[in-house]
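Asks: Model the structure of this input:
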Amino acid sequence: MKNTLFYGDNLDVLRRHVADESVDLIYLDPPFKSDQNYNVLFQERDGSRSAAQIRAFKDTWQWDQSAAAAFEEVVEEGGQVSLAMQAFRTLLGESDMLAYLSMMAPRLKEMRRVLKPTGSIYLHCDPTACHYLKILMDAVFGPRNFLNEITWKRTHAHGSSKRYAPIHDLLLFYAQSNTYLWTDLKIPHDPAYIEEHFDYEDENGRRFQPITLTGSGVRHGESGQPWKGINPTIVGRHWAIPGEILEKLGLQGVTAQDKLDALDSAGMIYWPKKTGGTPRLKWYADQLEGTAMPDVWTDISPISARAAERLGYPTQKPEALLERIIKASSNEGDVVLDPFCGCGTAVAVAQRLGRRWIGIDITCLAISLMKHRLHAAFGESIKESCQVIGEPVSVTDAAALAAENPYQFQWWALGLVNARPVEQKKGADRGIDGRIFFHDEAKSGKTKQIIISVKAGKTGPAHIRDLRGVVDREKAAIGLLIAMEAPTAPMRKEAASAGFYECVAWNTKHPKIQILTVGELLEGKTLDAPPSRDIRTFKKAPRARRKPVEKQRDLLDRTQDE
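Replies: Numbering: from 1, shown residues only. Below you'll find the model as predicted:
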């Protein structure tokens, strides 16, 4: 099957849709509110509070009936994970931290099930919960399969009250088995190292370091014989020519002297100015393969406010971070899974690097943002290579979502018109559910907006009057009501009385107040708006650039059980 975005609880999606041993690499960055008061995470709870926040994977985790049920399920299954969870309860009590671990445990077990024997997993976390997650990962994957605790400097130093400034995240790197894939990714040498150790230049300006062509000890064969008047035996050495250099240069020779002649003819021999000095091999800086990847990453900067890839998603990670992980632990055509997609950095990078992928998120907002990001980066062709499963595809589906979770329905409906949800607390939207920002005047550069209101229940003329009042108050260009039910004649009349927004630049008119039903949007009907120079609902992801790869192969038989 195609690359797939799943809308839903990742535990359910993993169990129902992802087959055993079908994934090559897993990256997960589970949400966790690490900036709240540290001690609050360890206060015991009475288990009576609503489970809504946990079901929606908010950045808080609470001990309640849902968390208690998850804890009991894991414990009753027995094994090392059960023992770890029982120990956590003894240590932490019925706290929010225990709730977090109780929700993570069954999901990590499912990830182990879907991972291939050659696969690996990177769990992104911060120091608040890392030590608990390390114990849990040991229980799930086995302590022998722990490979690294990678430290990533995610921000610059900043003030912190009575402690050292926290500036790093951690990535727990585990293998499924000792046959895991490792591409031995290298990083460029530090420029300071090159400057210090490669302090010679040839006639072409290439920096090099003269290195020895001899090894210790006397040899009585051809490697101990003189070459061009230089006899290594005198100083207790013999000719020792790096074979990899000869192989790279395509140079051949039977004897050591033949090989030295070939190197000299290729300009690879450095002759000291001092008469009688021992010739050395020119080791060029541009021939270095790089150094082994360390487990402390300070060379990947956080996403700055002006970065082209910045989308405005609060927990967005830089593409360079995911590119390093994906290149180090997978090959082209392999399957990458991100079960907590967020804004989709892992799947976007996987797509660009020619990997196949599965992304899962429980919020319609994240799915909408990922679709927009993939389309912006890869164009219309992305529709042929990926699909979305779990989102409403009919009015009946939409009605079910509205009944189950009105806020998810609202976010999904806004995604149908590429609108950004209002970033305010529930119930405090002042008549605004979403906005679309756009520019339709080349000279002024003035930002204009479209106000969107979403209604899942019955609607009437009063809703149109309210929307019109909000549009006037906000000085917006257009107002849109997205409704489940078809508008009545009085509603249409009220909307028509608002007149038109006139776009001078394009000499077009557009109804000031518009009504679109969910059914119409699903059928392809769109908002009547100016042909904007630059619609800026979500910040646009940069266009992906990569060399062509073969058409992505199906995931059928390898990834999903449908």
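Asks: contacts, neighbours, all on C-alpha from now
Replies: Noted.
Asks: where does the stretch 1-150 of the chain dip in pLDDT?
Replies: 1, 33-60 (pLDDT under 70).
Asks: Excluding residues flanking it in the chain, which one is nearest Asp9?
Replies: Closest residue to Asp9 apart from its sequence neighbours, by C-alpha to C-alpha, 6 or more residues apart in numbering: Ile362 at 5.2 Å.
Asks: hang on, isn't that neighbour packed against Val13?
Replies: No - in this structure Ile362 lies outside contact range of Val13 using C-alpha atoms under 8 Å: 10.0 Å.
Asks: returning to what we had before: report how many residues lie close to the residue nearest to Asp9.
Replies: 22 (other C-alpha atoms under 10 Å).
Asks: What score does it have for pLDDT?
Replies: We have a pLDDT of 87 for Ile362.
Asks: Please apply the same query to Pro542.
Replies: 65.
Asks: now do Glu562
Replies: pLDDT, Glu562: 37.
Asks: What's the separation between Leu83 and Leu101?
Replies: 13 Å (C-alpha to C-alpha, to the nearest Å).
Asks: more neighbours, the two?
Replies: Taking neighbours as other C-alpha under 10 Å, Leu83 and Leu101 compare with Leu101 leading, 21 against 14.
Asks: State the three-state secondary structure for that one.
Replies: Look at Leu101: counting by DSSP: H, G, I helix; E, B strand; the rest coil, its state is helix.
Asks: Could you look up the SS state of the residue nearest to Ile432 when sequence neighbours are not counted?
Replies: The shortest distance from Ile432 to any non-neighbouring residue, by C-alpha to C-alpha, 6+ apart, is to Ser453 (5.6 Å). The three-state assignment at Ser453 reads strand, by three-state DSSP.
Asks: What's opposite Ser453 in the beta bridge?
Replies: Beta-bridge pairing of Ser453 under DSSP bridges involves Leu481.
Asks: is it true that it touches Gly431?
Replies: Yes - at 6.8 Å, Ser453 and Gly431 qualify as touching, with contact defined as C-alpha under 8 Å.
Asks: Could you list the low-pLDDT ranges of this structure?
Replies: 1, 33-60, 158-160, 251-253, 275-276, 305-308, 311-314, 423-429, 442-444, 532-562.
Asks: neighbour count winner among Ser453 and Gly431?
Replies: Ser453 (24 against 17).
Asks: and that one, what is it in contact with?
Replies: 431-434, 467, 479-482 (C-alpha atoms under 8 Å, 6 or more residues apart in numbering).
Asks: mind running it again at 6 Å?
Replies: 432-433, 481 (C-alpha atoms under 6 Å, 6 or more residues apart in numbering).
Asks: Closest one to Leu522 out of those, please.
Replies: Leu481 (15.1 Å; C-alpha to C-alpha).
Asks: What is the neighbour count of Thr459?
Replies: Around Thr459 there are 17 residues (other C-alpha under 10 Å).
Asks: If you could redo that for Pro302, that was the one I meant.
Replies: 19.
Asks: For it, give its distance to Phe71.
Replies: Pro302 is 35 Å from Phe71, by C-alpha to C-alpha.
Asks: residue ranges of the strands in the stretch 101-250 of the chain, please?
Replies: 115-125, 146-153, 168-175, 186-187, 200-201, 207-211, 214-216, 237-239 (DSSP state E, counting those that start in this stretch).
Asks: closest to Glu520 out of the ones you listed?
Replies: Using C-alpha to C-alpha, the nearest of the strands of the stretch 101-250 of the chain to Glu520 is strand 115-125, at 40.9 Å.
Asks: counting contacts, what elements does that closest one pack onto?
Replies: strand 23-28, strand 168-175 (3 or more C-alpha pairs under 6 Å, 6 or more residues apart in numbering; DSSP states H and E).
Asks: now the strands for the stretch 351-500 of the chain?
Replies: Using DSSP E, counting those that start in this stretch, strands in the stretch 351-500 of the chain cover 356-361, 386-389, 420-421, 434-438, 448-455, 478-483, 500-503.
Asks: among those, which is the most enclosed?
Replies: Mean neighbour count (mean count of other C-alpha atoms under 10 Å) peaks for strand 356-361 among these, with a mean of 26.
Asks: hmm, back to that, closest to Gln408 out of the contacts of Ser453?
Replies: Asp433 (11.9 Å).
Asks: show me the contacts for the closest one.
Replies: 421-422, 452-453 are the contacts of Asp433 under C-alpha under 6 Å, 6+ apart.
Asks: Contacts only, for Gln514.
Replies: Leu480.
Asks: List the strands paired with the helix or strand where it lies, with their directions.
Replies: For Gln514, the element it lies in under DSSP states H and E is strand 513-517. Partners of strand 513-517 in the sheet, by DSSP bridges, are strand 478-483 (parallel).
Asks: Strand 434-438 and the strand it pairs with, what's the angle between them?
Replies: Relative orientation of strand 478-483 and strand 434-438, computed by axes from the mean of the first three to the mean of the last three C-alpha atoms, to 10 degrees: 140 degrees.
Asks: Go ahead and name everything in contact with strand 478-483.
Replies: Contacts of strand 478-483 (C-alpha under 6 Å, 6+ apart): 450-456, 471, 512-517.
Asks: Between strand 448-455 and it, find me the angle.
Replies: Using the same axes, to 10 degrees, strand 478-483 lies at 20 degrees relative to strand 448-455.
Asks: Tell me how far strand 478-483 lies from the chain's centre.
Replies: Here the centre of strand 478-483 is set off from its chain's centre by 33 Å, with C-alpha atoms, centre = their mean, to the nearest Å.
Asks: Equivalent analysis for stretch 434-447, please.
Replies: 30 Å.
Asks: Can you check the distance spanned by that stretch, start to finish?
Replies: Stretch 434-447 end-to-end distance (C-alpha to C-alpha) = 16 Å.
Asks: what's the answer for stretch 226-239, then?
Replies: Stretch 226-239 end-to-end distance (C-alpha to C-alpha) = 9 Å.
Asks: ditto for stretch 437-455
Replies: 21 Å.
Asks: I'd guessed the residue nearest to Asp9 sits against Leu11; true?
Replies: No - between Ile362 and Leu11 there is no contact under C-alpha atoms under 6 Å: 10.2 Å.
Asks: So Thr526: helix, strand or coil?
Replies: Once three-state DSSP is applied, Thr526 turns out coil.
Asks: what's the closest non-adjacent residue to it?
Replies: Val417 (7.2 Å).
Asks: what about that neighbour, neighbour count?
Replies: Neighbours around Val417, by other C-alpha under 10 Å: 20.
Asks: ok, now which ones touch Cys343?
Replies: Counting by C-alpha under 6 Å, 6+ apart, Cys343 has contacts 366, 370.
Asks: Quick check: phi and psi on the residue nearest to Gly390 when sequence neighbours are not counted?
Replies: Take Gly390 and drop its neighbours on the chain: the residue closest to it by C-alpha to C-alpha, 6+ apart is Tyr7, 4.8 Å away. Note on Tyr7: its backbone torsions stand at phi -100, psi 120 [degrees, to the nearest 10].
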